[in-house]
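Undergrad: mind looking at a prediction? Sequence and model below.
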Amino acid sequence: ADPQQRASQRLDIIFESGALARSIAVAETLERTHSLSTRQQYNLAYAHYSLQQYGEASRRARGLAGTDQAKRATKLLRAMGR
């Protein structure tokens, strides 16, 4: 199996299980070696938001402008009042 695909699937499973802090760590590691999908980038922003890391959540959500996740990212920014 493709290592990048396996790592990506692992990230999705961890995020969906609700282990948000762990998903941040896995995403940041994966991000250094491979690219994240825009959905995974949004999930990473949401994980930071859920853990009250609003600065990082905002930075990541703003980075999604012009992507297929822009609408969701805008809603996240509004929820934070940013």
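TA: Yep, it's here.

Undergrad: where do the helices sit along the chain?
TA: Taking DSSP state H as the test, the helices found in the chain are 3-16, 20-33, 38-50, 54-62, 70-79.

Undergrad: let me see the mean pLDDT of the shortest one.
TA: Just to be clear, that refers to helix 54-62. Helix 54-62 carries an average pLDDT of 97.

Undergrad: centre of the chain to it, how far?
TA: Distance of helix 54-62 from the chain centroid (Cα atoms, centre = their mean, to the nearest Å) equals 10 Å.

Undergrad: centroid-nearest residue for the protein?
TA: residue 44 (1.7 Å; Cα atoms, centre = their mean).

Undergrad: before we move on, the earlier item: ranking the helices of the chain by burial, who's on top?
TA: helix 38-50 (a mean of 21; mean count of other Cβ atoms under 10 Å). Quick note: C-beta positions are derived from backbone N, CA and C, even for glycine.

Undergrad: against which helices or strands is that helix packed?
TA: helix 3-16, helix 20-33, helix 54-62, helix 70-79 (3 or more Cβ pairs under 8 Å, 6 or more residues apart in numbering; DSSP states H and E).

Undergrad: can you give the contact residues for it?
TA: Here helix 38-50 makes contact (Cβ atoms under 8 Å, 6 or more residues apart in numbering) with 8, 11-12, 15, 20-21, 23-24, 27-28, 36, 54, 56-57, 60-61, 63-64, 67-69, 72-73, 76, 79-80.

Undergrad: ok, stretch 18-36 next?
TA: In contact with stretch 18-36 (Cβ under 8 Å, 6+ apart) are residues 4, 7-8, 10-11, 14-15, 40, 43-44, 47-48, 50-51.
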